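Student: Fold the following, please.
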Amino acid sequence: MKTSLRNFFAHKGRMILSGLAVLLSVAFVCGTLVFTATMQTTFERLFDVSASNVMVTPGSGEEGATGGGIDDMPSMTGRPETMPGDLADTLRGVDGVEEVTGTLDSQSVVAVDAENENIGPATGAPTIVANWNPIELRSMEIVEGSAPEGSGEVMVDSQTAESSSVAIGDELRLLSVGGSFAVTVSGIVEFQITNPGATLLYVDTPTAQEVLLGGEDGYTAFYVDTTDAVTDEEMRDRVASAVGEDRYLVRTSEQFAEDNRNALGEFLDIIRWVLLGFAGIALLVGIFLIVNTFTMLVAQRTREIGLFRAIGAQRGQVNRSVMIEALLLGVVGSILGFLAGIGIAVALMAILGAVGMNLSTDDLTIGWTVPVTGIVLGVTVTLIAAWIPARRAGRITPMAALQDAGNPGDAKAGRIRAAIGAVLLVLGTAALLAVTGTESSGAAGQLLGVGIPLTLVGLVLAAPALVGLVIRGLSAVLLRWFGSIGRLAERNAMRNPRRTGATASALMIGLALVSALAVAGASLVASTDKAIDETIGADFIVQSENFMPVMPEAIAAMGEAEHLTATSEYRDIGAEITTADADEPFAQRFGMVDADYPRVFAVDVAEGDIDEALAPGGFTVTTGVAEARDLAIGDEVEVVVEGGDSTTLTLRAITRSAGAAIEGDYAYMGIPTAEEFVSDEAMPLPWAVFAMAEEGLQAEAKASLETALEPFPQLVVRDQADYKELVRSEVGMILNMVYGLLALAIIVAVLGVINTLALSVVERTREIGLMRAIGLSRRQLRRMIRLESVVIALFGAILGVALGLFWGWASQQVMALEGIDVLEIPVGVIVIVFIGSALVGLLAALIPAFRAGRMNILRAIATE
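Tutor: Sure thing, here's the model as predicted:
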C-alpha cells in the first residue's frame with residue numbers, strides 16, 4: 001500500500017489527464033442525475049401546491065386515462081376538451097365539499113402585440129390562455145397592476161412581459177378558433193415556484209369562455225376543496241358517485257400529482273437516458289486513455305518492478321500495487337467529478353432559465369445515489385481499464401531489472417488480438433451487409449444493432465495491426481515533405497502499434513458516430529427533398545410555427561389572396577378500422593382533404609379512382625396497408641375516429657405511399673365525407689393549407705398570400721425551396737445537438753492523444769537527449785512530435801470515418817424500408833472531420849512538444 005501511494009504521488013503529473021477523463025465522464029453522469037432530479041422535485045412541488053383535495057377532469061376512470069396533466073398538447077380542433085359548467089352545482093351538492101373552482105385553459109391560442117409580433121415563446125413551448133381564479137394564487141403572485149376584470153383585460157406572466165417588452169396598458173390581440181379578440185394588459189403575474197417555459201395569459205372567466213369556447217359555459221377542470229371531516233379518498237368516491245365515474249376522471253390530489261409525475265417522469269427518462277448514453281460513450285473512450293496511461297507507466301517502470309521482484313515481491317503484490325494506484329485514481333477523479341457534476345447541473349438550470357424555464361437552486365436535489373453512482377462507476381471503469389496493464393506488470397520477471405524500460409508488448413498476444421478483431425469485423429460486416437436483403441424494418445434494425453457493436457469492437461482490436469499499413473500511407477502523402485523529421489515522426493508513430501492503435505481508437509469512436517449520423521441526416525434531407533419534388537405539386541404551404549392548427553379566420557383570409565388557382569386544406573385524425581372479416585380493429589391515421597388535393601399533391605394511384613375515393617362515402621389506403629390487411633377495391637369497412645364517431649366507408653382507391661419522409665402510410669377521405677359523421681367538437685382544423693399559383697405569377701401570389709395572412713403572425717408561407725430549407729434546419733439542429741453531446745467523448749479522446757505524447761516524451765527522454773546532442777534543434781524536435789501527433793489523429797480519423805460511413809450506409813438501408821431511399825454522403829462534413837482531426841493533433845502536441853524542447857540535453861542523456 002505504501003509503495004502504491006508513493007508511486008501514485010510520484011507520478012501524479014502523469015495521472016492528471018487520465019484523472020481528468022474520469023472526472024469529465026463522472027461529472028456528466030452526476031450532472032445529468034442531479035439536473036433531472038431537480039426538475040422532478042420542482043414540478044412535484046408545483047403539482048402538490050396547485051392540486052385540491054379532489055380533481056375532476058374530462059375523460060374516464062379507465063386505467064391509463066389522463067386529463068388536466070402536463071402532457072396535454074394543443075388541440076387540433078382548436079378547442080380544449082371541457083365539462084359543462086353546471087357540473088359545479090352538482091359538485092357543490094356533495095356532502096363535505098367546501099369549495100368548487102372551475103378552471104379553463106387552452107394552448108390553441110396566439111397572442112399578438114401592437115406591432116403584430118407573436119409574443120409566445122420562440123422555443124416551441126406553448127402559449128396558454130386561462131381564466132384567472134383562486135387556484136392560480138397557490139403558485140402565482142400579482143407583482144404589478146391588477147387581476148383582469150371584464151372582457152377587455154388580460155394579465156401576462158412576468159417572463160413574457162420582460163422578453164416581449166409588454167407593459168401595463170399595452171394592447172394585445174388573442175387569436176383563437178373563435179376569432180380575434182382585443183385586450184389590454186391590466187397586470188403582471190409571477191411564478192412562485194417555476195415557469196414551465198410557456199407564455200401565460202389570464203382573462204376573467206366569461207372572457208376565457210368566449211375566446212376559447214365561443215361563449216359556451218364549460219371548464220377543463222374542477223378543483224374540489226373539502227372540509228377536514230372527510231378524507232380525500234372518501235370524497236373522491238362521493239364525487240365519482242355524484243358525477244359518474246364513467247363520464248369524468250375523478251382523482252385525489254395525490255393521484256393527480258402522481259399522474260403528472262408519471263407523465264413528467266417519462267419525459268425526464270428520455271432526457272436522462274440520452275445524456276447518460278453520451279456519458280457512457282465518453283467513459284468508453286476514457287478507458288483507452290487509462291489503459292494507455294497504465295501500460296506506459298508499467299513499461300517505464302520495468303526495471304523498478306524487476307528489482308522489486310528480485311528482492312522478493314510476488315506477482316500478486318505487483319498486480320495489487322498497480323490496481324491500488326488505479327483505485328486511487330478512480331476515487332479522486334470520481335469525487336472531483338461528482339463536485340463538477342453539481343456545477344454542470346447548475347449550468348444546465350441556467351441554460352433553461354435563459355430560454356424561459358426557471359429552476360431554483362433552492363430545489364437542487366442531490367440524492368445519496370448520485371455520489372454513490374458516480375464513484376462506483378468511475379472506480380469500476382478505472383479498475384477495469386487498469387486490469388490488463390496490472391496483469392502485464394505482474395508478469396515482469398526479476399531479469400527485467402537488467403533490461404531497458406519500455407519494451408513492446410507480447411507479439412503473440414498482439415496476433416491473437418488481431419485475429420479476434422478480424423473475426424468480429426467479418427461477423428459485424430456480414431450483419432450490416434445482410435440489411436440489404438431484409439424486407440422488414442424491424443429485422444433490419446436488429447441486424448444493425450448487432451453489426452455496429454461487432455464492427456466497433458473488431459476494429460478496436462484490429463487497429464494495432466493496421467498501424468503499419470495506414471501510417472505508411474499517411475507518411476507517403478504527408479510526412480515525406482518534411483524529410484528526415486517526417487521519417488522520424490513516422491517511425492515513432494509505428495514504434496508501438498498497440499499504443500498508437502489504442503490512442504487512435506479513442507478518437508475513432510467519436511468520429512465514427514459523427515460520420516454515421518452525418519450520413520443518416522444527409523440521407524434524410526436528400527430523401528425529403530426528392531419526396532417534395534415528386535409528391536408536392538403545390539407552390540406554397542401555409543403552416544403554423546408552433547404546431548397549432550390553421551384557424552378558420554386565417555383560412556377565410558387566404559381566400560382574399562390574388563393569383564391563386566386552388567387551395568387545399570389538410571386535416572389529420574386518428575381512427576380505428578374494422579374490416580368485414582377481422583375480429584379486432586387496427587389503428588390508422590387519416591388525412592382529410594378536399595377535392596383539389598390531387599392537384600396540389602402528386603398522388604400515385606395503384607388501383608381505383610382518387611376522385612371517387614374523395615367523394616362522399618369513399619376512402620383510400622396505401623398498398624402497404626392494403627396488402628397487410630387484405631383489402632381490395634370495393635371493400636366496406638367500419639371507421640371509428642377519435643371522439644367515438646363512426647361510419648361505414650368504401651375503399652375506392654389504393655395509393656403508393658410517398659414514404660416516411662412526407663406522410664408514411666396515411667389513409668385519406670374527403671372533408672365532405674368526414675363532415676357527414678364527425679361531430680363539430682371532434683372535427684380537427686387543418687394543420688396545413690396547400691396553394692397553387694397562376695402560371696408564371698408565383699412571386700406575386702406569394703406576396704399577396706403573405707399580405708392576406710399578415711394579421712396572423714403565427715402562420716408562415718413557404719414555397720418548396722423554403723420547405724426544404726425548413727427540413728434541413730430541423731435536421732441540422734438535431735445533429736448539432738448530438739455533435740455537441742459527442743464533443744465530450746472527443747475531448748476525452750484528445751486528452752488521450754496529449755497523454756500518450758506526454759508519456760511518450762518521458763519514455764524517450766534519453767533518446768531525445770541523444771538526438772539533441774548530435775544536432776537536432778529544438779524546432780525540429782517540436783516539429784517531429786507535432787507530426788507524430790497529427791499522424792496518430794489522422795489514423796483515428798481514417799478508421800472513424802471509414803467505420804462511420806459503413807454504419808451510415810447500413811442505417812440508410814434500414815431507413816429505406818420506411819421511405820428514406822436516397823443515400824447521401826456529406827462530403828463537406830467528412831472534409832471537416834479530417835481537417836479538424838489534423839488540428840486536434842497539432843493542438844494535442846503543443847504541451848508535450850514544448851516540454852520536450854525545454855529538456856536539458858545532459859540530464860536527458862543521463863536518464864535511465
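Student: Please count neighbours and contacts with C-alpha atoms only from this point.
Tutor: OK.
Student: what number of residues lie near Arg779?
Tutor: 11 (other Cα atoms under 10 Å).
Student: Would you mind measuring from it to Arg495?
Tutor: Distance from Arg779 to Arg495, counting by Cα to Cα, to the nearest Å: 22 Å.
Student: just how off-centre is whichever strand or helix holds Ile747 within its chain?
Tutor: For Ile747, the element it lies in under DSSP states H and E is helix 720-763. Remark: helix 720-763 is offset 15 Å from the chain centroid, using Cα atoms, centre = their mean, to the nearest Å.
Student: what's the closest non-adjacent residue to Asp645?
Tutor: Val678 (5.6 Å; Cα to Cα, 6 or more residues apart in numbering).
Student: can you give me phi and psi for that neighbour?
Tutor: phi -90, psi 130 (degrees, to the nearest 10).
Student: With Ala198 instead?
Tutor: phi -90, psi 160.
Student: Tell me how many other residues crowd it.
Tutor: Ala198: 22 neighbours (other Cα under 10 Å).
Student: Quick check, pLDDT for it.
Tutor: We note a pLDDT of 81 for Ala198 in this prediction.
Student: can you check Gly624 too?
Tutor: Reported pLDDT for Gly624: 84.
Student: Tell me how many other residues crowd it.
Tutor: For Gly624, using other Cα under 10 Å, the count is 15.
Student: Which neighbouring elements make contact with the strand or helix carrying it?
Tutor: Using DSSP H and E, Gly624 falls within helix 623-629. Other elements packing on helix 623-629 under the criterion 3 or more Cα pairs under 8 Å, 6 or more residues apart in numbering; DSSP states H and E are strand 646-655.
Student: Paired strands for the strand it packs on, with orientation please.
Tutor: Using DSSP bridges, strand 646-655 pairs in its sheet with strand 605-608 (antiparallel), strand 618-622 (parallel), strand 636-641 (antiparallel).
Student: and Leu757, which of these is closest to it?
Tutor: strand 618-622 (59.6 Å; Cα to Cα).
Student: What average pLDDT does the host helix or strand of Val790 get?
Tutor: When elements are assigned from DSSP H and E, Val790 belongs to helix 778-816. The average pLDDT for helix 778-816 rounds to 91.
Student: Quick check: what element follows it along the chain?
Tutor: That would be, after helix 778-816 and using DSSP H and E, helix 827-853.
Student: Would you mark the buried spots in that next one?
Tutor: Within helix 827-853, the residues scored as buried using 16 or more other Cα atoms under 10 Å are 830, 833-834, 837-849, 852-853.
Student: Please work out the angle formed by the directions of that helix and helix 720-763.
Tutor: Angle, helix 827-853 to helix 720-763, by axes from the mean of the first three to the mean of the last three Cα atoms, to 10 degrees: 20 degrees.
Student: What mean pLDDT does helix 827-853 get?
Tutor: On average, helix 827-853 scores 87.
Student: can you list contacts of stretch 428-448?
Tutor: 450-455, 458, 807, 810-811, 813-815, 817-818 (Cα atoms under 8 Å, 6 or more residues apart in numbering).
Student: Check what contacts the top strand by length along the chain and list those residues.
Tutor: Identified as the longest strand of the chain according to DSSP state E is strand 564-578. By Cα under 8 Å, 6+ apart, the surrounding residues in contact with strand 564-578 are 584-597, 600, 637-642, 684-694, 701.
Student: Tell me how far it lies from the chain's centre.
Tutor: 30 Å.
Student: got it, and stretch 630-640?
Tutor: Worked out by Cα atoms, centre = their mean, stretch 630-640 lies 39 Å from the chain centre.
Student: Now that stretch - C-alpha only, PDB.
Tutor: This file holds the C-alpha atoms of stretch 630-640, laid out as PDB (Å, rounded to 0.1, in the frame of the first residue of the first chain):
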ATOM      1  CA  ASP A 630     -56.000  -7.900 -47.200                       C
ATOM      2  CA  LEU A 631     -58.100  -5.000 -48.500                       C
ATOM      3  CA  ALA A 632     -59.400  -4.700 -52.100                       C
ATOM      4  CA  ILE A 633     -61.200  -2.100 -54.100                       C
ATOM      5  CA  GLY A 634     -64.900  -2.100 -53.200                       C
ATOM      6  CA  ASP A 635     -64.400  -3.400 -49.600                       C
ATOM      7  CA  GLU A 636     -66.500  -1.800 -46.900                       C
ATOM      8  CA  VAL A 637     -65.100  -1.100 -43.500                       C
ATOM      9  CA  GLU A 638     -66.200   0.500 -40.300                       C
ATOM     10  CA  VAL A 639     -64.200   3.600 -39.300                       C
ATOM     11  CA  VAL A 640     -64.300   4.900 -35.700                       C
END
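Student: Let me know the average pLDDT across that stretch.
Tutor: 92.
Student: Contacts for it, please.
Tutor: Against stretch 630-640 from outside (Cα under 8 Å, 6+ apart): 575-580, 607-608, 625-626, 646-654.
Student: Quick check: phi and psi on Val100?
Tutor: phi -130, psi 130.
Student: Report the beta-bridge partner residues of it.
Tutor: Val224.
Student: That one touches Thr90, doesn't it?
Tutor: No - contact criterion Cα atoms under 8 Å: Val100 and Thr90 do not qualify, at 9.9 Å.
Student: and these two? which has more neighbours close in?
Tutor: Per other Cα under 10 Å, whichever of Val100 and Thr90 has more neighbours is Val100, with 20 against 13.
Student: And the pLDDT for that one?
Tutor: The model's pLDDT for Val100 equals 93.
Student: tell me the contacts of it?
Tutor: Counting by Cα under 8 Å, 6+ apart, Val100 has contacts 88, 91-92, 222-225.
Student: again, only this time at 10 Å
Tutor: 52, 54-55, 87-92, 222-226 (Cα atoms under 10 Å, 6 or more residues apart in numbering).
Student: for Thr42, same thing?
Tutor: 36, 193-194, 358-365.
Student: Closest one of the residues you listed to Val791?
Tutor: Thr36 (40.9 Å).
Student: helix, strand or coil for the closest residue to the closest one other than its chain neighbours?
Tutor: Excluding its sequence neighbours, the residue lying closest to Thr36 (Cα to Cα, 6+ apart) is Leu268, at 6.3 Å. Assigned with DSSP: H, G, I helix; E, B strand; the rest coil, Leu268 falls in the helix class.
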